[in-house]
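# Compute the structure for the input listed below.
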Amino acid sequence: MLVSAGCSYVLLGHSERRTLFGETDEDINAKLLKSLEQPGLKVILCVGETLQEYQSGMLESVVNTQITKGLKGVDASMLLNDRIIIAYEPCWAIGTGLVATPAQAQHAHVAIRSSLADMYGADTGVSESVRIQYGGSVTPDSAEELISERDVDGALVGGASLNADSFTRIFDGATTANSKKKVTVQTVLQVSIVRTRSEP
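As a prediction, this is how the structure comes out:
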């Protein structure tokens, strides 16, 4: 139904779905597997910790659990052929105006890549090639610095996408950051848009 309506991406695991609607990692996994049955439909899987979890030093364990359970039963090829994109969204930064520092974002993205390497094996290429975006109050002032980090492949933009000037400046910052990266692996610029609230 989504594909026939023209959708090419589906956003799963957003913090509002987890907290307001009680979606579990198992629920998200079931939706992810169903989405992958639809040719042409890509999944953006959101993971991230609450402020309390972050302050308690639980970032790695939280994202590891969300990755492991969210991707259960998913073949590595789905990550290697760009059917799944991961979005790190620290819950404490969504809609609050708080933004992870570039170092915090980089640390979280490395933790996600480590979880992927543990799950799929370091020699499969999954952890290096999967796109991981940062989402969490991305602004024109923060986009370039965040995306300049080695393991941050793009931005998942929420409220800032509702203003054309703001969104254009985020896109320009992402483009500049991408052109400055000196990495041997392919870096793909992608700025995704999340309109406002998740719908039931």
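
# looking at it, residue 149 is touching residue 109, isn't it?
Yes: counting by C-beta atoms under 8 Å, residue 109 is a contact partner of residue 149 at 7.0 Å. For glycine as for every other residue, the C-beta is placed from the backbone atoms N, C-alpha and C.

# which residues touch the spatially most central residue of the chain?
With distances taken as C-alpha atoms, centre = their mean, residue 87 lies nearest the centre of the chain, 0.5 Å away. Residues in contact with residue 87 (C-beta atoms under 8 Å, 6 or more residues apart in numbering) are 11, 44-47, 132-135, 156, 192.

# which residues in the chain form helices?
In the chain, the helices defined using DSSP state H lie at 15-20, 25-36, 51-55, 59-70, 76-80, 102-120, 126-129, 143-148, 164-180.

# roughly how far apart are the residue of the chain most remote from its centre and residue 41?
With C-alpha atoms, centre = their mean as the measure, the chain has its most outlying C-alpha, relative to the mean C-alpha position, at residue 4: 24.7 Å. From residue 4 across to residue 41, the span is 11 Å (C-beta to C-beta, to the nearest Å).

# what about residue 44, how many neighbours?
21 (other C-beta atoms under 10 Å).

# if I look at residue 115, how far off is residue 5?
Going from residue 115 to residue 5 by C-beta to C-beta gives 33 Å.

# So between these two, which is more surrounded?
More crowded of residue 115 and residue 5, by other C-beta under 10 Å: residue 115, with 22 against 6.

# got the contact list for that one?
So residue 115 contacts 63-64, 67-68 (C-beta under 8 Å, 6+ apart).

# Buried ones among the residues you listed?
Among the contacts of residue 115, those classed as buried by 16 or more other C-beta atoms under 10 Å are 63-64, 67.

# Against residue 123, how distant is the nearest residue to residue 119 once chain neighbours are set aside?
Of all residues not flanking residue 119 in the chain, residue 68 sits nearest, at 6.0 Å (C-beta to C-beta, 6 or more residues apart in numbering). Plainly put, residue 68 is 19 Å away from residue 123 if you go by C-beta to C-beta.
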